[in-house]
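>>> Coordinates only, no sequence provided:
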């Protein structure tokens, strides 16, 4: 199946009510595509790194790391699909995570399809199969995979085989096996992404600033004088850890932060984000 | 099936209302701003279709599940970065629920959608989060809570971004489309932050 339209149809199928809408509205002719999405989010798979924007120019994978779907039976990171080919490209700056010999792989699901099994491969060789019992995945799926037969830099292919469709979801994870504890950080951080890629903080978890109040409205620092701060406020930007009480300017207007957060696109000051930013 | 007939009624109402009506309805209503924040709710135009309505109803339900998880995170998350992200998600999604509810009320539409889980099963797909997943999160504690929260919420927000495709292709109301665009963009960025938190 080809992706562009299938994607939007599959979205619809996540919620059957939407099918009714779509059918009633005559927008979609068929409603037979499977609804299932998932990827390895920890350690970060290649598509997870695309979603983090730590690897740029991944195409639509950046926005839907969960959609690397292809027929069962591939041993490629892309599942053999042209549109996910970037994931097969070993020259990309994929971060290589140093791990011990037993590695926990955690999946993120945007839809919980009945599962035949999960398979893990290294160098085209099957490492382990975990049965899905043809049931929905548990709330959190983490597989502790013994990789002690391998050493050094390896690309692990993790495959989620769906129970009631011919399809599977493919995730490749680059590891340095035996290079550190499973909880360790990257020893080979990727080269800096292109400047245009607004890179969210990686590794440090995004926010190393002192803990802001989390109570929603409690303010532990004095707010700046309203309107009279004298232009000290910086311009709003994404991927900045703002604290409650911080002020910014955005499109010539001044705003005060009401809840500490790491900023992101569409959380800029606006009529839709008054819970975060109050005009001052 | 009763859903379909409801939708037919809703669509018929839209068709009967036609496009000749006044283009703007100053939407509804300061009375939704319960917290005394004085936050104004952006108005939505009258023009809309059944897809807009269904999207808003589904997103309200979806947001409600997200809020259940952020409330748990406020109590149980161990890492301050996770608590902070959850608090910001909680506030912004609470605000979005008010906005979406006000638009639906302005169109004389209900805000609730019946969420029949058996229907999901019939169609072979299940959403990222439901009562079982939220219950599992409620039982988790310590580092396990953090891990569970990030795994569930990254899927939940990814699913929200997917859901916006419905209205960006099939919707009619410009404000609903703009909100959907913002939801898509901000949820994708939240997923990016959560992947970093999982691996940090």
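Happy to help now that I have it. Just so it is clear, the structure is predicted and the values come from calculations on it, not from any experiment.
>>> in stretch A:271-280, what's buried?
A:272-278, A:280 (16 or more other C-beta atoms under 10 Å in any protein chain shown). All C-beta atoms are positioned from the backbone trio N, CA, C, and that covers glycine.
>>> Likewise for stretch B:149-167?
The neighbour-count check on stretch B:149-167 (16+ other C-beta under 10 Å) flags B:149-167 as buried.
>>> show me the contacts for whichever residue of the stretch 51-200 of chain A sits closest to chain B.
Per C-beta to the nearest C-beta, residue A:139 is where the stretch 51-200 of chain A lies closest to chain B, at 3.6 Å. The contact partners of residue A:139, by C-beta atoms under 8 Å, 6 or more residues apart in numbering or on different chains, come to B:132-133, B:136-137, B:148, B:151-152.
>>> Now restrict the residues you listed to buried residues only.
B:133, B:137, B:148, B:151-152.
>>> where exactly do the helices run in chain B?
B:2-17, B:50-76, B:80-106, B:117-122, B:131-139, B:142-170, B:174-198 (DSSP state H).
>>> want to try a markdown table for those helices, with mean pLDDT and distance to residue A:114 as columns?
Shown next, in a markdown table, are the helices of chain B (pLDDT from 0 to 100; distance: least, C-beta to C-beta, whole Å):
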| stretch | mean pLDDT | distance to residue A:114 |
| --- | --- | --- |
| helix B:2-17 | 39 | 23 |
| helix B:50-76 | 96 | 21 |
| helix B:80-106 | 97 | 29 |
| helix B:117-122 | 38 | 9 |
| helix B:131-139 | 95 | 14 |
| helix B:142-170 | 95 | 16 |
| helix B:174-198 | 97 | 24 |
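>>> Relative to residue A:64, which of those is closest?
helix B:142-170 (7.2 Å; C-beta to C-beta).
>>> on that earlier part again, can you tell me how far the residue of the stretch 51-200 of chain A closest to chain B is from residue A:37?
In this view, residue A:139 and residue A:37 are 16 Å apart by C-beta to C-beta, to the nearest Å.
>>> Can you tell me the closest non-neighbouring residue to the residue nearest in space to the middle of chain B?
Residue closest to the average C-alpha location in chain B (C-alpha atoms, centre = their mean): residue B:59, at 2.8 Å. Spatial nearest neighbour of residue B:59, excluding adjacent residues (C-beta to C-beta, 6 or more residues apart in numbering or on different chains): residue B:100 at 6.1 Å.
>>> Format the buried residues of stretch A:271-280 as JSON lines; extra columns: secondary structure.
JSON lines is the format used below for those (DSSP: H, G, I helix; E, B strand; the rest coil):
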{"residue": "A:272", "secondary structure": "coil"}
{"residue": "A:273", "secondary structure": "coil"}
{"residue": "A:274", "secondary structure": "coil"}
{"residue": "A:275", "secondary structure": "coil"}
{"residue": "A:276", "secondary structure": "coil"}
{"residue": "A:277", "secondary structure": "strand"}
{"residue": "A:278", "secondary structure": "strand"}
{"residue": "A:280", "secondary structure": "coil"}
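>>> near chain B, from the residues you listed?
A:272-276 (C-beta under 8 Å from any C-beta of the partner chain).
>>> Just put these in a markdown table and tack on pLDDT.
What follows is those, written out as a markdown table (pLDDT from 0 to 100):
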| residue | pLDDT |
| --- | --- |
| A:272 | 94 |
| A:273 | 95 |
| A:274 | 94 |
| A:275 | 95 |
| A:276 | 97 |
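>>> got a list of what the nearest residue to residue A:115 once chain neighbours are set aside touches?
In space, and not counting its chain neighbours, residue A:115 is closest to residue A:132: 2.7 Å by C-beta to C-beta, 6+ apart. Counting by C-beta under 8 Å, 6+ apart, residue A:132 touches A:114-118, A:161, A:163.
>>> Would you double-check that the residue of the stretch 51-200 of chain A closest to chain B falls in a helix?
No - using three-state DSSP, the secondary structure at residue A:139 is coil, not a helix.
>>> Provide the backbone phi and psi angles at it.
Dihedral pair for residue A:139: phi -50, psi -50, per degrees, to the nearest 10.
>>> Residue B:183 versus the closest residue to residue A:242 other than its chain neighbours, what's the distance?
Spatial nearest neighbour of residue A:242, excluding adjacent residues (C-beta to C-beta, 6+ apart): residue A:257 at 4.6 Å. Here the distance between residue A:257 and residue B:183 works out to 21 Å (C-beta to C-beta).
>>> Would you mind giving the buried residues of stretch A:271-280 as TSV with distance to residue B:104 added?
Formatted as TSV, these follow (distance: C-beta to C-beta, whole Å):
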residue	distance to residue B:104
A:272	16
A:273	21
A:274	20
A:275	20
A:276	23
A:277	25
A:278	26
A:280	31
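>>> Pick the one among those closest to residue B:55.
residue A:272 (15.6 Å).
>>> show me what contacts that closest one?
By C-beta under 8 Å, 6+ apart, the contact set of residue A:272 is A:266, B:42, B:95-96, B:99, B:179, B:182.
>>> and if you look at residue B:152?
Counted by C-beta under 8 Å, 6+ apart, residue B:152 has contacts A:139-140, B:69, B:128-129, B:133-134, B:137.
>>> ok, 6 Å please
B:129, B:133, B:137 (C-beta atoms under 6 Å, 6 or more residues apart in numbering or on different chains).
>>> if we look at chain A, which of these are close to it?
residue B:133 (C-beta under 6 Å from any C-beta of the partner chain).
>>> which one of the contacts of residue B:152 sits closest to residue B:75?
So of the contacts of residue B:152, ranked by how close each gets to residue B:75 (C-beta to C-beta), first place is residue B:137, at 11.0 Å.
>>> pLDDT weak spots in the stretch 101-250 of chain A?
A:180-233 (pLDDT under 70).
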